[in-house]
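Asker: have a look at this prediction, sequence included:
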Amino acid sequence: MKFLKGTSIYSILTGTCPVCQNESMYKNTRIFAIKNVLGMNERCNHCHTKYSMEPSFFYGAMYVSYGVGVAFGVAAFIISHYFFNLNLLTSYFVIVGTILICLPIILRLSRNIWINLFMSYDESKDKKRNN
């Protein structure tokens, strides 16, 4: 995935700092560590970017989370109903199960998308480490 480095998509998919893309924003990089799934570092150790620009910054990620959850639900419905020919009730349970199992992914992905809307990659801050 190194070929995407320098793009917002790289930072969104990997959960790295949106400015330098050298370090994870999260204290625990394991996404299914349920106890601390949203625990974030305050700043990037490499470029010193502060992740939470204001006290309620990540409240906006809830709106993104809704959209990402709907996308996961639609994908689960299409796969279960059209590819596996399950009836609507069974497809409903597949959607609920998918949302519950993928909740840590949805939460982190929505935060990654939200912060990347406000910050962008800065090559000079990335190169500072390499020099």
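Answerer: Here it is on my side, so go on. Numbers count the residues shown, from 1 in each chain.
Asker: can you count the residues close to the nearest residue to residue 36 once chain neighbours are set aside?
Answerer: Counting by C-beta to C-beta, 6 or more residues apart in numbering, residue 36 lies nearest to residue 28, which is 4.9 Å off, once chain neighbours are set aside. Where C-beta positions appear, they are placed from N, C-alpha and C, glycine not excepted. Using other C-beta atoms under 10 Å, residue 28 has 14 neighbouring residues.
Asker: report the contact partners of residue 28.
Answerer: 36-37, 39 (C-beta atoms under 8 Å, 6 or more residues apart in numbering).
Asker: tell me the contacts of the nearest residue to residue 6 once chain neighbours are set aside?
Answerer: Distance criterion C-beta to C-beta, 6+ apart; nearest residue to residue 6, sequence neighbours excluded, is residue 121 at 5.3 Å. By C-beta under 8 Å, 6+ apart, residue 121 lies in contact with 6-8, 11, 18-21.
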